[in-house]
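S.K.: dropping a prediction and its sequence here:
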Amino acid sequence: MIMNGVTMEVGAVAAMRYVSDGIKAAKFLMEHTKHTMLVGEQASIFAISMGLPGPTNLSSNESIEKWINWKRNKCQPNFRKNVFPVDDCGPYRPETSTDLDDRVCLNTQRAGLDKSESYHFDLHNHDTISLAVIDKMGNMAVGTSTNGATFKIPGRVGDGPIAGSSAYADTEVGACGATGDGDIMMRFLPCYQVVESMRLGMEPKLAAQDAIARIARKYPDFVGAIFAVNKNGVHAGACHGWTFQYSVRSPEMADVIVYTVTPEMPIR
């Protein structure tokens, strides 16, 4: 996903196979179409039609070995819930039948109690890269690229291509990037929240902490992190469930500086 903070244009691709350069495909989509998102096979066809290499086999020996071992381990861990069999590779069926009068979304006693299963997300199986840039004129843009969650259900789309979740920018205010348990984080659009909080006068640090805390109150076991930068270049980060690092570089700096952010207690 890529976003122009001046025009608010967005280009995003999701569930795209056989093309390695997803961020460039998203940029082509933003610059050469009136659409915002393409998904699946048609996204791959579009990317190749615009000149990107493909179709290409993106599997590596490491990823194939990881998949084989996962199958041998009866497809555990996985992202299924409330299904059986719970310790096999399926086919899966709902654990219980649910009639139309028993709707989970109307059961307030269950609100916020679903497990986030954040054990799937850590430094060893997560590869999201979110980036914010400010040019000499003060214009801002953001981009996010990710391979997605390990052992995800085929067809899964996480927060990577979702504007306002993995990244968001408004040149008049600032920008944000996020990483972590995308299935949880995308429900809160944390980067949109960060930018809007800064619009209301919050400093980047407080805006990032507030967005993380909103998620942690509902999902205390989730893993995620956010960086925020305002239009003046003031930046900060916040995280939950892991220690997070982000890097900064400006023309005045001799080299990149890496900032380490440690988890804090959620804001009440």
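M.R.: Nice, I can see it. Numbering: from 1, shown residues only.
S.K.: quick one: the helix or strand residue 29 falls within to chain centroid distance?
M.R.: In this structure, residue 29 sits in helix 22-32 according to DSSP states H and E. Helix 22-32 sits 18 Å away from the centroid of its parent chain (Cα atoms, centre = their mean, to the nearest Å).
S.K.: from here on, call the first residue 46.
M.R.: Sounds good: first residue 46 from here, last item helix 67-77.
S.K.: buried ones in that helix, by neighbour count?
M.R.: 67, 68, 69, 70, 71, 72, 73, 74, 75 (16 or more other Cβ atoms under 10 Å). All C-beta atoms are positioned from the backbone trio N, CA, C, and that covers glycine.
S.K.: identify the residues contacting the closest residue to residue 95 other than its chain neighbours.
M.R.: Spatial nearest neighbour of residue 95, excluding adjacent residues (Cβ to Cβ, 6 or more residues apart in numbering): residue 73 at 4.4 Å. Residue 73 makes contact with 56, 91, 92, 95, 97, according to Cβ atoms under 8 Å, 6 or more residues apart in numbering.
S.K.: which one of these sits closest to residue 252?
M.R.: Distance to residue 252 across those (Cβ to Cβ) is lowest for residue 56, with 25.2 Å.
S.K.: quick check: beta-bridge partners of that closest one?
M.R.: residue 47 (DSSP bridges).
S.K.: tell me where the stretch 96-245 of the chain has strands.
M.R.: For the stretch 96-245 of the chain, the strands defined by DSSP state E, counting those that start in this stretch cover 128-129, 138-139, 174-179, 185-190, 212-215, 219-225.
S.K.: want to throw the ones you listed into a markdown table with distance to residue 248 and mean pLDDT?
M.R.: Below are the strands of the stretch 96-245 of the chain laid out as a markdown table (distance: least, Cβ to Cβ, whole Å; pLDDT from 0 to 100):
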| stretch | distance to residue 248 | mean pLDDT |
| --- | --- | --- |
| strand 128-129 | 45 | 93 |
| strand 138-139 | 47 | 94 |
| strand 174-179 | 16 | 96 |
| strand 185-190 | 17 | 97 |
| strand 212-215 | 16 | 98 |
| strand 219-225 | 10 | 97 |
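S.K.: out of those, deepest packed?
M.R.: Most buried of the strands of the stretch 96-245 of the chain, by mean neighbour count (mean count of other Cβ atoms under 10 Å): strand 219-225, with a mean of 30.
S.K.: in its sheet, what does that strand sit against?
M.R.: Here, using DSSP bridges, strand 219-225 pairs with strand 212-215 (antiparallel), strand 269-275 (antiparallel).
S.K.: of those strands, which is nearest residue 227?
M.R.: Checked against Cβ to Cβ, the stretch from the strands paired with strand 219-225 lying closest is strand 269-275, at 8.4 Å.
S.K.: report the buried residues of the helix or strand hosting residue 88.
M.R.: Using DSSP H and E, residue 88 sits in helix 85-94. Neighbour-count burial for helix 85-94, with 16+ other Cβ under 10 Å as criterion, is recorded at 88, 89, 90, 91, 92, 93.
S.K.: that older thread, okay, angle between the helix holding residue 74 and strand 174-179 too, please.
M.R.: Angle, helix 67-77 to strand 174-179, by axes from the mean of the first three to the mean of the last three Cα atoms, to 10 degrees: 40 degrees.
S.K.: pLDDT of helix 67-77, averaged?
M.R.: Averaging pLDDT along helix 67-77 gives 97.
S.K.: before we move on, what about stretch 271-290?
M.R.: Mean predicted lDDT for stretch 271-290 stands at 96.
S.K.: buried sites along stretch 110-125?
M.R.: Neighbour-count burial for stretch 110-125 [16+ other Cβ under 10 Å]: 115, 120, 123, 125.
S.K.: for those, work out which two are farthest apart.
M.R.: Once Cβ to Cβ is applied, these give 115 and 125 as the farthest pair, at 13.3 Å.
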